[in-house]
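>>> Got a predicted model here, sequence first, then my questions.
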Amino acid sequence: MDALLAVSEVRLSFGGLQALDGPSLQVRDGEVVGLIGPNGAGKTSLFNCIGGLYRPQSGSIRIAGREVAGLPRHRIAALGVGRTFQNIGLLASQTVLANVLAGAHHVAAGGWWATALGLPSVARSERDHRERAMALLAELDLADVAGRMVGTLPFGTLKRVELARALMGEPRLLLVDEPANGLVHGEVLELGATLRRLATERGAAILLVEHHMGLVTSVCDRVVVLDFGRVIAEGEPHEVARDPRVVAAYLGTAA
Amino acid sequence: MTATSTRRRTGSPRPSRGSAVEWLRRPRPPLAPPRWLTIAGIAVGAAALAVVPLVNPSYINLTVTLVMIWTLVGLGLNLLVGFGGQVSLGHSAFFAIGAYAVAVGGEAGIPHPATLAIAAALPFLVGYVLGLPALRLHGLQLGLVTLAMAMATPAAIRALEPLTHGSRGIAIDGDPPAWIPLAHDQWVYYLALAAATIGYVVTRRLARGRLGRSFVAVRDAEIVAETLGVDVWRTKTRLFAASAAYAGVAGGLYAMLLEFVGPENFNLTLSISFVTLIVVGGLATVPGAVLGALFVQYVPTLTSSISPAATGAAYGAVLIAFAFFLPYGLVGLVRAALGRLVARLPGRRGT
Ligand SMILES: Nc1ncnc2c1ncn2[C@@H]1O[C@H](COP(=O)(O)OP(=O)(O)OP(=O)(O)O)[C@@H](O)[C@H]1O
Ligand SMILES: [Mg+2]
């Protein structure tokens, strides 16, 4: 069977800067793949290409066999792609619960006419999704803040709210951009367990961008390393972490 | 357990304690009254609204009908502007189309409550088409385009002389059908009450659930909305069309109430008062339309008893004051004042 996500030789440049220089990678159902690399390597840019936010100049991105380049963004979401943003893409004027519910948009019932007429199916869908949202919030230790306005909460909490929102859409492919950023140690462990469960129990394919190597090695089946928009290494997490090219890439930018 | 790490924070600052202005400006969730209070409130309100036209002189019925007409405009405009974040200063144009649909339809021999269907459908279509530029324009640009629409409306009415009879205007027979034993003012009152009630219920449904969240997502973060699967194109055009339909029905009722339409009924001031209405009532709130409608109906009456120029000044002052102190309008004030109290009332909360 084909991989759920198949990225092949994607090229993206901003003016003279080659953000993505033809990387290829695949993620299968139920697989957690780590996407690591130094700052500016192109990890977030690749996410943005997959989600349709950026349009690559060449290359192909297929989700469940379907080419997504040029597809409207909301259609890509409807293919079952959920994501979180590195710098938080929550609606600051809304409560945590409302934000999380917004993630159910493409799986919930309720078009304009059905909603205006107050059809029972709409009310039922709303009730079901509220229950699901509360359950997800509880699972991510967010039940206490369900009614709080997003603008008043710390960064680490918001990262988990975003994850909860992405999960509300029942993604087949989940793109998570630095979810451990702003979390304390215990929370990182819980987050890892949540991602792992999502992959094993629901068969979701997860692409995880993360600088927290502990999280990467504990949850990822495989790791892909990007540097200057190119894949420089790929493989089992512990091996990749010892790969001299990877070490050099990280040292190179840390200096 | 809550996160303790605050390495980075989100954009909006935490309101500082102790500042009255910050206290007023703080966003608050809607009141969640216990179910018995909601039911009692609706019952008392419905009974009161039902008897008003039977026990009052016609000039009172006329002003209350106007409040309901403004409410209808406000409900629709708030969906577009408050929830959807698409500025329109041009809703007097849709209001005018609705009014002329009733006037011209009546002249053509269509019976009157039926003309209201045209007053909804025609602005809906025009709104849909005019919503198309909204897909490309943002903020100020959209404001300017819709402003131009409002400014051009009286001239457009005059230019369409064969249909609208230009400056002479059109007289309308707003009386009920013979078999309904109501006076003109009572009849239009009940029509407006029905329209406003339906409008209120529909708006509440649209604003609250899945769709309401998608509007807010489009308003606050278009790209995020898209990644959640929201079709931004469709959302914007439909919001434009729907809000135009509200304004159209309101305009139709207005024509039936006044029994006359002329180009000078639909000048820029009307559009400005619509915007004032939703800002004063509370952007992105449903009950705000009612409070705002009361404001635009009664406050100019008060100020113009001082001087006609006072109305414009009052609107200006009020818009500035609300922008600074009450970004969530009168509804925000009510939430601030009553939130704690209502939360403490016993009984099961409504959803
Ligand atoms: N919208 C943009 N316009 C111009 N340049 C961009 C844009 N987005 C990304 N870049 C550039 O592309 C390169 C890759 O950036 P990207 O954000 O993908 O890196 P990253 O691997 O996610 O890094 P980090 O770990 O810091 O998040 C960087 O040099 C960045 O400055
Ligand atoms: Mg990044």
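Done, it's in. Ligands and ions are numbered 1, 2, ... in the order given.
>>> what's the distance between the residue of the stretch 51-200 of chain B at minimum distance from ligand 1 and B:Q86?
Ligand 1 sits closest to B:H138 of the stretch 51-200 of chain B, with a gap of 18.4 Å, by C-beta to the nearest ligand atom. Where C-beta positions appear, they are placed from N, C-alpha and C, glycine not excepted. Computed as C-beta to C-beta, to the nearest Å, the B:H138 to B:Q86 distance reads 9 Å.
>>> Neighbour count for those two, which is higher?
Using other C-beta atoms under 10 Å in any protein chain shown, the more surrounded residue of B:H138 and B:Q86 is B:Q86, with 27 against 13.
>>> and that one, backbone torsions?
The phi/psi pair for B:Q86 (degrees, to the nearest 10) reads phi -100, psi 110.
>>> check contacts around it.
Residues near B:Q86 by C-beta atoms under 8 Å, 6 or more residues apart in numbering or on different chains: B:L80, B:A134, B:L142, B:R219, B:K236, B:L239, B:F240.
>>> Closest one to chain A out of the residues you listed, please.
Set against chain A, the nearest of the contacts of B:Q86 by C-beta to the nearest C-beta is B:R219 (8.5 Å).
>>> what's the distance between the closest one and ligand 1?
23 Å (C-beta to the nearest ligand atom, to the nearest Å).
>>> so that residue is in which element?
helix B:210-220 (DSSP states H and E).
>>> who's in contact with that helix?
A:91-94, A:98, A:101-102, A:104-105, A:108-110, A:112, A:115, A:122, A:125-126, B:79, B:83-86, B:206-207, B:224-225, B:228, B:230, B:232, B:235-236, B:239, B:284.
>>> Go back to the residues you listed and keep what's next to ligand 1.
Among the contacts of helix B:210-220, no residue sits close to ligand 1 (C-beta under 6 Å from any ligand atom).
>>> and A:V184, how many neighbours does it have?
13.
>>> That one and ligand 2: what is the separation?
21 Å (C-beta to the ion, to the nearest Å).
>>> Let me see the backbone angles for that residue.
The phi/psi pair for A:V184 (degrees, to the nearest 10) reads phi -90, psi 170.
>>> Hmm, it is touching A:G156, no?
Yes. Between A:V184 and A:G156 there is a contact under C-beta atoms under 8 Å: 7.0 Å.
>>> since we're on A:L53, how many residues are nearby?
17.
>>> Report the contact partners of it.
A:R73, B:I223, B:T227.
>>> Please tell me I have it right and the second one contacts A:A77.
Meaning B:I223. No. Assessed by C-beta under 8 Å, B:I223 is found out of contact with A:A77, at 11.2 Å.
>>> Counting by contacts, list what the lengthiest helix in chain B packs against.
Longest helix in chain B by number of residues, with DSSP state H as the criterion: helix B:232-258. The contact analysis (3 or more C-beta pairs under 8 Å, 6 or more residues apart in numbering or on different chains; DSSP states H and E) places helix B:232-258 against helix B:58-77, helix B:91-107, helix B:112-134, helix B:184-208, helix B:210-220, helix B:222-227.
>>> Quick one, which of these gets closest to B:L268.
Set against B:L268 and scored by C-beta to C-beta, these come closest in helix B:91-107, at 7.1 Å.
>>> Specify the angle between that closest one and helix B:112-134 in degrees.
Calculated by axes from the mean of the first three to the mean of the last three C-alpha atoms, to 10 degrees, helix B:91-107 forms an angle of 150 degrees with helix B:112-134.
>>> Now do the helix or strand following the longest helix of chain B, average pLDDT.
Sequence order places strand B:260-261 as the next helix or strand after helix B:232-258, per DSSP H and E. For strand B:260-261, the mean pLDDT works out to 94.
>>> Partner strands of strand B:260-261, with direction?
Partners of strand B:260-261 in the sheet, by DSSP bridges, are strand B:170-171 (antiparallel).
>>> what does chain A put close to ligand 1?
A:F14, A:L17, A:A19, A:G37, A:N39, A:G40, A:A41, A:G42, A:K43, A:T44, A:S45, A:Q86.
>>> what about the last one, neighbour count?
Looking back up the chat, that one is A:Q86. 15.
>>> ok, it to chain B distance?
Applying C-beta to the nearest C-beta, to the nearest Å, the value for A:Q86 to chain B is 11 Å.
>>> List the contacts of the residue lying closest to that residue once chain neighbours are set aside.
Nearest residue to A:Q86 in three dimensions, chain neighbours excluded: A:D177, at 4.2 Å (C-beta to C-beta, 6 or more residues apart in numbering or on different chains). Contacts for A:D177 (C-beta under 8 Å, 6+ apart) come out as A:K43, A:T44, A:F47, A:R83, A:T84, A:F85, A:Q86, A:V209.
>>> Of those residues, grab the buried ones for ChimeraX.
In ChimeraX, this line selects whichever of the contacts of A:D177 come out buried by 16 or more other C-beta atoms under 10 Å in any protein chain shown:
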select /A:43,44,47,83,84,85,209
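>>> quick one: which of the contacts of A:D177 is nearest A:A164?
Closest to A:A164 out of the contacts of A:D177 is A:T84 (9.6 Å), distances taken as C-beta to C-beta.
>>> Tabulate the CA atom coordinates of stretch A:65-75 in PDB.
Taking only C-alpha atoms (Å, rounded to 0.1, in the frame of the first residue of the first chain), the coordinates of stretch A:65-75 have been written out as PDB:
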ATOM      1  CA  GLY A  65      -2.700   9.100  -3.300                       C
ATOM      2  CA  ARG A  66      -4.200  12.500  -4.100                       C
ATOM      3  CA  GLU A  67      -2.000  15.400  -5.300                       C
ATOM      4  CA  VAL A  68      -2.600  18.400  -3.000                       C
ATOM      5  CA  ALA A  69      -0.600  21.000  -4.700                       C
ATOM      6  CA  GLY A  70      -3.100  23.600  -6.000                       C
ATOM      7  CA  LEU A  71      -5.900  22.200  -3.900                       C
ATOM      8  CA  PRO A  72      -7.800  24.800  -1.900                       C
ATOM      9  CA  ARG A  73      -6.700  24.700   1.800                       C
ATOM     10  CA  HIS A  74     -10.000  23.800   3.200                       C
ATOM     11  CA  ARG A  75     -10.200  20.800   0.800                       C
END
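>>> in it, what's buried?
Neighbour-count burial for stretch A:65-75 [16+ other C-beta under 10 Å]: A:V68, A:A69, A:L71, A:R73, A:H74, A:R75.
>>> Counting neighbours, what do you get for A:D243?
16.
>>> I figured it hits A:E234, correct?
No. The criterion here is C-beta under 8 Å, and A:D243 misses it with A:E234 at 9.4 Å.
>>> correct me, but A:I76 touches A:G52?
Yes. Using C-beta under 8 Å, A:I76 is in contact with A:G52, at 4.6 Å.
>>> list the residues that contact both of the two?
What both A:I76 and A:G52 touch, as defined by C-beta under 8 Å, 6+ apart, is the set A:V68.
>>> The residue of the stretch 1-150 of chain A at minimum distance from ligand 2 is in what secondary structure piece?
Closest residue of the stretch 1-150 of chain A to ligand 2, C-beta to the ion: A:T44 (3.0 Å). Secondary structure from DSSP H and E places A:T44 in helix A:43-50.
>>> Okay, buried residues for whichever helix or strand comes after that helix please.
Once helix A:43-50 ends, the next helix or strand along the chain (criterion: DSSP H and E) is strand A:58-63. Under the neighbour-count criterion of 16+ other C-beta under 10 Å, strand A:58-63 has A:G59, A:I61, A:R62, A:I63 buried.
>>> which residues are contacting strand A:58-63?
Residues contacting strand A:58-63 (C-beta under 8 Å, 6+ apart): A:2, A:4-11, A:20, A:22, A:49-50, A:67-69, A:76, A:79-81, A:173.
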